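Q: With the input below, show me the fold.
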Amino acid sequence: MLRNRSLAALALTTALVPLPGSGARASGGGGGAGAGGVFLVPMDEVTVPIIDADRVQGALRFKIVLDGGNAEAAHKATEELPMLRAATVAAGLEFARLNASGLRAVDAEQLDHDLTTALKSAEPALSRVLIVEVAATRS
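A: Residues are numbered from 1 along each chain as shown. Model prediction:
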């Protein structure tokens, strides 16, 4: 059931993914101010090692989509994607070091919080981070 939800979320997000250099806009969705839409910027999959006791114990993989909140913020995020990816990798490494294991489920809520905090400090105009896929594997 969790896999079906992940696939459904990925399918929905894929339908809303913008072409390079532009923000996608979806009508409806409610969460914000009036007639606004959803402006999404996809990021390639991130893979970071899970290190425990000075040994690589596995890998944490995740895909995220950045919600710019408006067209201007989405455009700015697209231009700054390399810097935002660096912040994402750093936050992912820290999360993997402290909270991840290949033997238990990933705390997606904590990962979302950590990524949102890191990326909003790098680019305050971002609205939120959407995790579309996450997995931890043991090596």
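
Q: which intervals of the protein have sub-threshold pLDDT?
A: Low-confidence segments of the chain, defined by pLDDT under 70: 1-36.

Q: Longest strand in it, please.
A: Secondary structure of the chain per DSSP state E: the longest strand is strand 55-67.

Q: Name the residues of that one that are buried.
A: Under the neighbour-count criterion of 16 or more other CB atoms under 10 Å, strand 55-67 has 57-67 buried. Placement of C-beta: from N, CA and C, glycine included.

Q: What is the helix or strand following that strand packed up against?
A: Next helix or strand after strand 55-67 toward the C-terminus (DSSP states H and E): helix 71-79. Packed against helix 71-79, as judged by 3 or more CB pairs under 8 Å, 6 or more residues apart in numbering; DSSP states H and E, are the following elements: strand 40-42.

Q: Provide the contact partners of the helix or strand following the strand it packs on at residue level.
A: For strand 40-42, the following helix or strand on the C-terminal side (DSSP H and E) is strand 46-52. Residues from elsewhere that reach strand 46-52 (CB atoms under 8 Å, 6 or more residues apart in numbering): 56-64, 85, 88-89, 92-93, 96-97, 100-102, 136.

Q: pretty sure Ala71 contacts Phe39?
A: Yes - with contact defined as CB atoms under 8 Å, Ala71 counts as touching Phe39 (5.6 Å).

Q: one step back: between the buried residues of strand 55-67, which sits nearest Asp112?
A: Ile64 (8.8 Å; CB to CB).

Q: State the three-state secondary structure for Glu94.
A: Following DSSP: H, G, I helix; E, B strand; the rest coil, the label given to Glu94 is helix.

Q: Just give the number of residues close to it.
A: 13 (other CB atoms under 10 Å).

Q: I am finished for the moment; much appreciated.
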